[in-house]
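J.: coordinates for the following, if possible.
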Amino acid sequence: MRISELSRRSEVPIATIKYYLREGLLPPGRSVTATQAEYDETHLRRLRLVRALIGVRGLSVSETKAVLGAVAAHRAERHQVLGLVMGARPVDEAAEPAPGPGAAEVDALIAELGWEVSEHAPARGVLGETLESLRSLGEPVDRESLLRYAELAGRIAEVDLDRIAGTVDPLEQAERALVLTVMMEPVLLSLRRLAQENESAKRNA
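T.: Purely as a prediction, here's the structure:
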């Protein structure tokens, strides 16, 4: 396809596509003349992933380029690719992770749940810091409540991965997973608020 069709199908302006080509976010197309090139479905999938990383996940161009480089290095490892694009896995796992606040509690929780989670997963640090902050405010989350929340999160993760299970191409699957994950977060928060109101109504009728 020509760049005009690539733009139409991806809904990305031609000027933006050319910018991504200059920055190395998209591989060059196949030259047909001195001034024209053809693109294929691989370019379309890559462009959609770039758009999702920048527009949905909010990465900079340089950060997106780093993620795409890591994705290319691990393209055959679907689990790794999904983690990279969704921010569940860091681009550089060579550095030894530094234990943050609440790290021991998070490690114990993951072990008790039997979850397979990378020691580099950024969410480990976020969870640990949040639990420590709650504790400092006099609102600690007890172990039983934390386990119940984790079990619910596990069921949500099953639904998330079920929704992309039929996608074969790893780049397309990564793009769909990223969009669904980020865009579904407000939906989940809204459902939680509605459920809280319903539960309060039932308990205080």
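
J.: just read off the phi/psi values of residue 37.
T.: Here is the backbone geometry of residue 37 (degrees, to the nearest 10): phi -140, psi 160.

J.: pull the residues that contact the helix or strand where residue 8 lies.
T.: For residue 8, the element it lies in under DSSP states H and E is helix 3-10. Applying C-beta atoms under 8 Å, 6 or more residues apart in numbering, the contact partners of helix 3-10 are 1, 12-14, 17-18, 29, 37, 39, 43-44, 47-48, 51. (C-beta placed from N, C-alpha, C; glycine too.)

J.: mind listing what's buried along the following helix or strand past it?
T.: Going down the chain from helix 3-10, the next helix or strand is helix 14-23, by DSSP H and E. By neighbour count on 16 or more other C-beta atoms under 10 Å, the buried set for helix 14-23 is 17, 20, 21.

J.: closest to residue 148 among these?
T.: residue 20 (44.2 Å; C-beta to C-beta).

J.: related to what we said a few turns ago, mind putting the contacts of helix 3-10 into CSV with distance to residue 173 and pLDDT?
T.: Shown next, in CSV, are the contacts of helix 3-10 (distance: C-beta to C-beta, whole Å; pLDDT from 0 to 100):
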residue, distance to residue 173, pLDDT
1, 22, 89
12, 20, 91
13, 26, 93
14, 27, 94
17, 22, 94
18, 27, 93
29, 23, 90
37, 27, 91
39, 21, 93
43, 17, 92
44, 14, 91
47, 16, 91
48, 11, 88
51, 16, 89
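
J.: from these, which would you call buried?
T.: 12, 17, 29, 39, 43, 44, 47, 48, 51.

J.: show me where this structure has strands.
T.: Along the chain, counting by DSSP state E, strands occupy 30-31, 37-38.

J.: out of the buried ones among the contacts of helix 3-10, what pair is the most spread apart?
T.: Applying C-beta to C-beta across the buried ones among the contacts of helix 3-10, the maximum distance is between 29 and 51, 17.4 Å.
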